[in-house]
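> Below are the sequence and a predicted model; questions follow.
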Amino acid sequence: MSTMNTVGRPTTPNRVENKPATLTGGRGLLQDEHLIFESDGWGKTGVDLPEPTTDGSDLGDLVRRNPIGLPGLSEPETMRHYVRLSQKNHAIDLAIYPLGSCTMKHNPRLNEKMARLPGFSDIHPLQPTSTVQGALELMDTLAHWLKTLTGMPAVALSPKAGAHGELCGLMAIRAAHEASGEHETRRKVLVPTSAHGTNPATAAFVGYTVVEVAQTDDGRVDVADLASKLGPDVAAIMVTNPNTCGLFERDILEISRLTHEAGAYFYCDGANFNAIVGRVRPGDLGVDAMHINLHKTFSTPHGGGGPGSGPVVLSAALAPFAPAPWVVHDADGYRLIEREEDEAAQAFGRMCAFQGQMGMYTRALSYMMSHGSDGLRQVAEDAVLNANYIKARLSDVMSAAFPDGPCMHEALFDDEWLKGTDVTTLDFAKAMIDEGFHPMTMYFPLVVHGAMLIEPTETESKQELDRFIHAMRALAGAAKAGDVDRFKGAPFHAPLKRLDETRAARSPVLRWTAPEGSNIAAE
Ligand SMILES: *Cc1c(COP(=O)(O)O)cnc(C)c1O
């Protein structure tokens, strides 16, 4: 493939090393861009208004005395600034986005069209319910699909992300233990070592002590270790299935049986539902609460495309404690149950103001209805097939973390194969950027050394997977052939090089300050 023909050569001719590639900082037609405050907009204004003819202002003492601290840019300058910034971001609409555990699937445009229908987008959460019957019906229908797909009797739609859903699930569990008088004694939550960081963080936030559960050599929960830690002091377990190693928990029925026998609840992290949607109903596995990331399994945009949404399905035992509001349908049409004096007497409270992310509900339901139940099943099958194709095509040049048997929807490699090359997982990921690929998830799950977690999703074609595999194989060849420079200095072709990510995370600079001596005031 011609796009790949430089990959794998011991040297590349067009290396830039650490110097700027061009005089302007632009690369090709990709423009360099500074902060808007650093633009040349001071002392001018983007609008043309006649000079005021009156003295003073009706505002009296409230009149602003200092400059507002924003540069005055014209419309084209403003437009270009934001378009250039947007082009610095990799996006699912540009290329494969193989971030494991994130399910970065294509966001169908049909969803966008549906979400923009005035009856869904131009409504207010405080409108009388008689005027938003269609929107409430949509929420009720989405709830029906989520309950049917998971085999669970209840769902709380309002949580606004997966992590928020975890919080919702554990608060329902806490409310259930409070109702049965066991809250004071059940203070622990068991979490496997491979869990996503939000699981222990959520448990700690709700006030529980987190106890780690070991995992077996084949990447699953160590059931004997779990059994030894279960007891009358345990409130819940939090298990991800399929787990973060991309593997189905084979002993899941035993895990839920032991958990319930100990009087604890089974919280399932459902972030990986894409691997099993339409094939496995978590309710059949004994799950008591599970969040569903609509921005993962149900194709709503991640991050910049809109807010997240993480509905939580609940078992019969936890359903009475579900947070308000929820929608009911009776002879008078659809209405919201919001208050204790209504039917929400045992609700633990609410997760957010109003009813949650209407735009995401609309997109997710649009996705579900356009696939149908058989199509959703096909989603899971194709996602798993794509991941196994990658695993099979890369296992001879990279080391699969769990080589035995197929994986679910993501292929997990460790850095064993990089031993002796002086190239690390991070170096390898940076070299992928030079080849035009967003890297996979790195160093997660923590239980796998130098982890590389690749999730292609079902929306990538075989042609795109082959392109990705070709680049990965060639880079692996370069690492093994000793072309260390290609990796250590990468990315060579990105506008910014290696950032101090730790410092950026620990001491982020979020506020621009005017340079010393300038008369620009930012407020
Ligand atoms: C994405 C993810 C979460 C958190 O979900 P958000 O929607 O990002 O809050 C939790 N657990 C796992 C395994 C995940 O992949």
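Okay, I see it. Computed from a prediction, not measured in an experiment: that's the story for all the values here.
> Kindly report the residues of the stretch 51-200 of the chain close to the ligand.
By Cβ under 6 Å from any ligand atom, the part of the stretch 51-200 of the chain that sits against the ligand consists of S101, C102, A161, G162, A163, H196, T198. (C-beta placed from N, C-alpha, C; glycine too.)
> Ok, the chain next?
101-102, 161-163, 196, 198, 240, 244, 269, 271, 293, 308, 310.
> please redo it, this time with the cut-off set to 8 Å
Residues of the chain that fall close to the ligand, judged by Cβ under 8 Å from any ligand atom: 101-103, 161-166, 195-196, 198-199, 240, 244, 269, 271-272, 291, 293, 295-296, 308, 310.
> Which of those residues fall in strands?
Among those, the members found in strands (DSSP state E) are T240, D269, H291.
> one step back: mind putting the residues of the stretch 51-200 of the chain next to the ligand into TSV with neighbour count and pLDDT?
Shown next, in TSV, are those (neighbours: other Cβ atoms under 10 Å; pLDDT from 0 to 100):
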residue	neighbour count	pLDDT
S101	22	95
C102	19	95
A161	19	94
G162	24	96
A163	22	96
H196	22	96
T198	20	96
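> how far out from the middle of the chain is stretch 212-231?
Distance of stretch 212-231 from its chain centroid, counting by Cα atoms, centre = their mean, to the nearest Å, is 26 Å.
> Below-threshold pLDDT in the stretch 401-523 of the chain: ranges please.
Scanning the stretch 401-523 of the chain for pLDDT under 70 picks out the ranges 519-523.
> Which residue ranges of it form strands?
411-414, 441-442, 452-454 (DSSP state E, counting those that start in this stretch).
> Those strands: which one's closest to S86?
Of all the strands of the stretch 401-523 of the chain, strand 441-442 sits nearest to S86, with 23.3 Å by Cβ to Cβ.
> So what are the sheet partners of that closest one and their directions?
Each strand that pairs with strand 441-442, with its direction, by DSSP bridges: strand 452-454 (antiparallel).
> sorry, back to before: tell me the one of the residues of the stretch 51-200 of the chain next to the ligand nearest F402?
S101 (15.5 Å).
> Pull the contacting residues for the closest one.
For S101, the contacting residues are H196, T244, A271, N272, E410, T441, F444, L453, E455, by Cβ atoms under 8 Å, 6 or more residues apart in numbering.
> So the first one is in contact with V239, correct?
What it means is H196. No: in this structure, H196 is not within contact of V239 by Cβ atoms under 8 Å, at 11.2 Å.
> Quick check: which ranges of this protein have low pLDDT?
Those would be 1-21, 304-306, 340-342, 344, 519-523, if you go by pLDDT under 70 across the chain.
> and with 90 instead?
Where the chain drops to pLDDT under 90, the residues are 1-74, 85-91, 303-308, 338-346, 493-497, 499-501, 509-523.
> Any idea which residue of it lies closest to the ligand?
The chain approaches the ligand most closely through G162 (2.3 Å), counting by Cβ to the nearest ligand atom.
> Was I right to think that residue contacts N293?
Yes: G162 is in contact with N293 according to Cβ under 8 Å; the separation is 4.3 Å.
> what do those two both touch?
Common neighbours of G162 and N293, counting by Cβ under 8 Å, 6+ apart, are G270, A271, G308, G310.
> Including distance to V47 and mean neighbour count, could the strands of the stretch 401-523 of the chain go into CSV?
Compiled in CSV, the strands of the stretch 401-523 of the chain are given as follows (distance: least, Cβ to Cβ, whole Å; neighbours: other Cβ atoms under 10 Å):
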stretch, distance to V47, mean neighbour count
strand 411-414, 54, 26
strand 441-442, 45, 18
strand 452-454, 49, 26
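> Which stretches in the chain count as helices?
Shown for the chain, the helices assigned by DSSP state H span residues 75-87, 109-115, 118-121, 133-150, 162-179, 198-205, 223-229, 252-261, 358-394, 425-434, 462-480, 484-488, 501-506.
> winner for burial among the ones you listed?
helix 162-179 (a mean of 24; mean count of other Cβ atoms under 10 Å).
> between it and helix 198-205, how big is the angle?
For helix 162-179 against helix 198-205, the angle by axes from the mean of the first three to the mean of the last three Cα atoms, to 10 degrees is 40 degrees.
> Check which helices and strands helix 162-179 sits against.
The elements that helix 162-179 packs onto, with contact taken as 3 or more Cβ pairs under 8 Å, 6 or more residues apart in numbering; DSSP states H and E, are helix 198-205, strand 234-240, strand 265-269, strand 289-291, strand 312-314.
> And the ones you listed: which comes nearest A91?
Distance to A91, taken as Cβ to Cβ, is lowest for helix 198-205 among these, at 23.8 Å.
> who touches the closest one?
Contacts for helix 198-205 (Cβ under 8 Å, 6+ apart): G162, A163, E166, L167, L170, V189, V191, V210, A236, M238, T240, D269.
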